[in-house]
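In: next one to model:
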Amino acid sequence: MSDANGALQRRVLVLAPTAKDGELVKRVLGDAHIQCDVCPTLRCMCDEIEHGAAAVLVPEEAIVPHRHDCLSEYLAVQPPWSDLPVLILARQGADSASVARAMDLLGNVTVLERPMRVSSLVSAVRSALRARRRQYQLREHLAERERAEEALRKADRRKDEFLAILAHELRNPLAPIRNSLYILQLTGRDDPTARRVGEMMERQVSHMVRLVDDLLEVSRITRGKIELRNEDVELAGIIHNAVETSRPLIDAARHDLAVSLPVERLTLVGDSVRLAQVFSNLLNNAAKYTDPGGRISVTATRDGDDVVISLRDTGAGIPRDMLPRVFELFAQVDGSANRKHGGLGIGLTLAKSLVEMHGGSIEARSDGPGKGSEFVVRLPLARHALPVADASPASAPAEPCATRRVLVVDDNRDAAESLALLLRLLGMSVRVVNSGAEALKALDEAAAEVVLLDIGMPGMDGYEVARRIRQRAEFKDVRLVALTGWGQDEDRRRSSEAGFDQHLIKPADVGVLKSLLGSLDRAPTPPASLH
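Out: This next block holds a predicted model:
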């Protein structure tokens, strides 16, 4: 705020009955070091209020019907922080109808009865100025809070943009990795070792894909709005996947891990990846907070319609006063600057949220520091006994489907070539190009039935390529599929507007691709070579 504006906002505006009265009031307030400006009319005073005022002083004679409307109108639309003090110089008695009306209409009114002592006038004005200064402080506080909130909104937008770019960049290398895994599965299915290793790698890639997806859902995680993909899952498979995920950390610390599960097959209804995430988080926590060579045990027992899973360790333990807080976001048992255990303190919070989303509960137990910890998870069992689906799509490689002519367009050559090789193993006739301009030229040379088109390409991006294809009548039957690392709602909206029929996120599941290629409306035509 400039000095001039500050001075205007500290002044008292005076509407005096006569010029002589105005000069007298100005002199009295000036002697008290109170800035004062005299206004000849009420309209003039209202205009000056717009430029700034700390209080107004008006005589009762000016408060007549329909003549103080501008003042009441201004006061009615003050900002939330403002309550402009109005001092009324009333005639002796101070019981007139005009004063009573002013008190109703003008809000923050102080009535001063004439004749009055100079000290009383100065005291009343100083009180009004003090109240106004508090209002200015509130204004500054609200402005500062608004600035802070805007900074947070900008930071949140930058965070979302960063996570979107990071997810896109991580999905790009995951696409050729997953494609290569499918290729190995299709070509090496007779080798038991290769098949077993492929299944393990596929589970880990799937887990990485879900974690990348979570990069775009940080706010949903903190608000407990993670989407679950529920199905019938077997407890043994969940625990096995969790152990496999945490095994490197456990082995690196030379811990002894014992897992004891019921002989009977226990079925849950839940998200297998999320449930495995719960127990891998608990195992990671145990491995980190247990000194090398410790013991970790996982035990599951049936309790009526529930299963109770206990995870114990011989580690650092938890102080009793921390037990109620271990599931709070960013909570750390060891909060010192030189703590030896890493992590952001979100693993247990996420585990608790996921367990509760599955209708279960989780409890932390410990006898104190140095005496180990126990986390007890209770989950409801499925009320039906349907066959449990295999958690790994790797164990059931897709069979070839009807031959289609497919054009793969991606500036990431590894992703494009690995996808093309996979599609050829599925019986497709495939051509690969690495830019938008090459895609349009390839379609002119030999029309494809399906175009798998990346969006984030340099030069002509996928949106522009799709728009140009849709402008050509001869390509009206071509199926356009966005195969991209960009997966936010805005990206899907833009791809639909550009003319894409579907929007797939990298790395695409081979089953989804096979279903897509097998669901073309028109019958397949003899393939023309695109290679």
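
In: from N285, how far out is the residue lying closest to E328 once chain neighbours are set aside?
Out: Once flanking residues are discounted, E328 sits nearest to T349: 6.6 Å by CB to CB, 6 or more residues apart in numbering. Where C-beta positions appear, they are placed from N, C-alpha and C, glycine not excepted. Note on T349: its distance to N285, by CB to CB, to the nearest Å, is 11 Å.

In: between those two, which one's more packed in?
Out: Taking T349 and N285 together and counting by other CB atoms under 10 Å, N285 has the greater number of neighbours (25 against 20).

In: ok, that one - contacts?
Out: Contacts for N285 were tallied using CB atoms under 8 Å, 6 or more residues apart in numbering; they are 347-348, 375.

In: before we move on, what about L483?
Out: Shown in contact with L483 (CB under 8 Å, 6+ apart): 410, 419, 452-454, 504, 506, 508.

In: please flag which of the residues you listed sit within helices.
Out: Using DSSP state H, the members of the contacts of L483 that fall in helices are L419.

In: need the strands for the stretch 251-400 of the chain, in chain order.
Out: Assigned strands in the stretch 251-400 of the chain, in chain order: 256-260, 267-270, 295-303, 306-313, 361-365, 373-380 (criterion: DSSP state E, counting those that start in this stretch).

In: give me every residue that touches the residue lying closest to A286 once chain neighbours are set aside.
Out: With sequence-adjacent residues excluded and distances taken as CB to CB, 6+ apart, A286 is closest to D313, at 3.9 Å. The contact partners of D313, taken as CB under 8 Å, 6+ apart, are 286, 289-290, 294-297, 372-374.

In: now do 6 Å
Out: 286, 290, 296, 372-373 (CB atoms under 6 Å, 6 or more residues apart in numbering).

In: scan those and report the most crowded one.
Out: Most neighbours among the contacts of D313, by other CB under 10 Å: A286, with 29 neighbours.

In: that one and S297 touch, don't they?
Out: No: using CB atoms under 6 Å as the test, A286 is too far from S297 to be in contact (9.3 Å).

In: from the contacts of L483, pick the one nearest D303.
Out: If you rank those by distance to D303 using CB to CB, A508 comes first, at 41.3 Å.

In: partner residues bridging the residue lying closest to that closest one once chain neighbours are set aside?
Out: Computed as CB to CB, 6+ apart, the closest residue to A508 that is not its neighbour in sequence is L483, at 5.9 Å. Taking DSSP bridges as the rule, L483 bridges to L504.

In: same deal with V432?
Out: V408.

In: pretty sure it contacts L421?
Out: No: using CB under 6 Å, V432 and L421 do not qualify as a contacting pair, with a distance of 9.5 Å.

In: and this structure, split by domain according to the record?
Out: Split into domains by automatic domain parsing, the chain comes to 3-116, 228-380, 396-517.

In: how about those domains in TSV, adding distance to L142 and mean pLDDT?
Out: What follows is these, written out as TSV (distance: least, CB to CB, whole Å; pLDDT from 0 to 100):
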stretch	distance to L142	mean pLDDT
domain 3-116	6	84
domain 228-380	28	85
domain 396-517	32	87
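
In: okay, the ones you listed, which one's buried deepest?
Out: By mean neighbour count, with neighbours taken as mean count of other CB atoms under 10 Å, domain 396-517 ranks first of the domains of the chain at a mean of 19.

In: let's have the domains of the chain in CSV, adding distance to L138.
Out: Formatted as CSV, the domains of the chain follow (distance: least, CB to CB, whole Å):
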stretch, distance to L138
domain 3-116, 5
domain 228-380, 32
domain 396-517, 38
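
In: now for these, which one comes closest to L170?
Out: Each of these has some distance to L170 by CB to CB; the shortest is domain 396-517, at 7.7 Å.

In: centre of the chain to the closest one, how far?
Out: 30 Å (CA atoms, centre = their mean, to the nearest Å).

In: hey, where'd the strands end up in the stretch 101-250 of the chain?
Out: Using DSSP E, counting those that start in this stretch, the strands of the stretch 101-250 of the chain run over residues 109-113, 231-234.

In: any chance of those in JSON lines, plus distance to R157?
Out: Listed next are the strands of the stretch 101-250 of the chain as JSON lines, based on distance: least, CB to CB, whole Å:
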{"stretch": "strand 109-113", "distance to R157": "46"}
{"stretch": "strand 231-234", "distance to R157": "35"}
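
In: to A448, which of those strands lies closest?
Out: Between A448 and the strands of the stretch 101-250 of the chain, the tightest spacing by CB to CB is seen for strand 231-234, at 34.7 Å.

In: which of the contacts of N285 lies closest to R470?
Out: Distance to R470, by CB to CB, is smallest for G347 among the contacts of N285, at 46.6 Å.

In: out of the domains of the chain, which is closest to K154?
Out: Set against K154 and scored by CB to CB, those come closest in domain 396-517, at 17.8 Å.

In: distance of the residue lying farthest from the centre of the chain from T245?
Out: Going by CA atoms, centre = their mean, the residue of the chain most distant from its centre is K20, 65.7 Å out. As judged by CB to CB, K20 and T245 stand 90 Å apart.

In: can you point me to the longest helix in this structure?
Out: Ranked by residue count under DSSP H, the longest helix found in the chain is helix 118-187.

In: need the contacts of L483 in CSV with distance to H358, can you?
Out: CSV is the format used below for those (distance: CB to CB, whole Å):
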residue, distance to H358
D410, 38
L419, 35
L452, 36
L453, 38
D454, 36
L504, 28
K506, 29
A508, 28
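
In: so which of the contacts of L483 belong to strands?
Out: Among the contacts of L483, the members falling in strands (DSSP state E) are 452-453, 504.

In: which one of those residues sits closest to R139?
Out: For the ones in strands among the contacts of L483, the nearest to R139 is L504 (52.2 Å; CB to CB).

In: separation between the closest one and L517?
Out: Per CB to CB, L504 is found 12 Å from L517.

In: give me the phi and psi angles of G372.
Out: Backbone geometry at G372, expressed as degrees, to the nearest 10, gives phi 80, psi 170.

In: list the contacts for it?
Out: Counted by CB under 6 Å, 6+ apart, G372 has contacts 313-315, 317.

In: not counting sequence-adjacent ones, nearest residue to N412?
Out: Using CB to CB, 6+ apart, the nearest residue to N412 is N172, at 5.3 Å.
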